[in-house]
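Enquirer: structure of the sequence below:
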Amino acid sequence: MFMSVVAGGQVAGGIGVGVYPELAGSRVMVTGLKAALGVDLVRAFADHKSHLVVQADEDTPEIAEVGALVTQTAASVKLFTEPLATGDDAIRFCQRETATAGGLDTLVNLVAIDRREAGRCRSLDDVESLVSSKLIGATLMTRVAANRMRLTLGTGLVLNVVRMATPSTDAEKAVAGIVRAALAAMTRAEAQQWADQAIRINAVGPGAIDGSGSGCLASEPDIAALALYLSSKKGRQLSGHVFDAEGVASNGC
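Expert: Okay, here's the model as predicted:
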């Protein structure tokens, strides 16, 4: 299915191949951008001539360079470098920018969990607190964006991407398993909630420990390719899925 697109290298290396011309002019919001997370994805939508609203979690020269780069190819770019520290921050940002844009076609929320954060978990309560803090913003923005899509009578996609390093210990595997389970439950619930509105909710998360996932995405360009596919006409039948990102963050967290 979508993996043929990923395997074909449509986004890797030479981003900019006009694989999905229908994405030209689409309104795309990406939150949680970091220098090590989401750059290929933002470039991919920019090269498809989308209108971009990008929220970055860091104000660095690398992020400024990304902003300057995508401005050369995107239909338009708005770059924000203030982190969304609370759920209320996430709601206000998503409400304001979707209203300003007059609607939204695609929302991609990027969430990173590094080894230090996972390593500080000493109990189930610690893990649940970590998962809640990491997913609350994405969950709230999913609902805001989906509601806006409904009000503007359009179809749309929300893709929540949670990136973790490949687990190297039993404790890290346990954390990854709980993160995936929570992400899957949220994805299924939201997909069911918005299914009759033609709004799709999908996710990319830590690989299923039991091997039951939907295929392995091996790199950041793979995730960018998947996001393009799901946003296109070809991906409009897919909702409620959690795709595996095992190994994507093995060198970065």
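Enquirer: check contacts around N109.
Expert: In this structure, N109 makes contact with 31-32, 137-138, 141-142, 158-161, judged by CB atoms under 8 Å, 6 or more residues apart in numbering. In this view, the C-beta of every residue, glycine as well, is placed from N, C-alpha and C.
Enquirer: scratch that, I113 is what I was asking about
Expert: Applying CB under 8 Å, 6+ apart, one finds that I113 lies in contact with 130, 134, 162-164, 175, 179, 253.
Enquirer: narrow the contacts of N109 to those in helices?
Expert: Of the positions in these, 137-138, 141-142 sit in helices, assigned by DSSP state H.
Enquirer: strands of this structure, start to end?
Expert: All strands of the chain, identified by DSSP state E, fall at 27-33, 51-56, 76-80, 106-113, 156-164, 199-205, 242-244.
Enquirer: turn these into TSV, including mean pLDDT and distance to R120.
Expert: Supplementary listing: those in TSV, determined by pLDDT from 0 to 100; distance: least, CB to CB, whole Å:
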stretch	mean pLDDT	distance to R120
strand 27-33	97	20
strand 51-56	97	24
strand 76-80	97	29
strand 106-113	95	11
strand 156-164	94	14
strand 199-205	95	20
strand 242-244	88	25
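Enquirer: quick one: which of those strands is nearest E220?
Expert: Among the strands of the chain, the nearest to E220 by CB to CB is strand 156-164 (8.9 Å).
Enquirer: neighbouring strands for the closest one, and are they parallel or not?
Expert: The pairing partners recorded for strand 156-164 under DSSP bridges are strand 106-113 (parallel), strand 199-205 (parallel).
Enquirer: need those in a markdown table with distance to E220, can you?
Expert: Output for the strands paired with strand 156-164, formatted as a markdown table (distance: least, CB to CB, whole Å):
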| stretch | distance to E220 |
| --- | --- |
| strand 106-113 | 10 |
| strand 199-205 | 11 |
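Enquirer: ok, which of these comes nearest D125?
Expert: It's strand 106-113; of those, that one is closest to D125 (CB to CB) at 16.7 Å.
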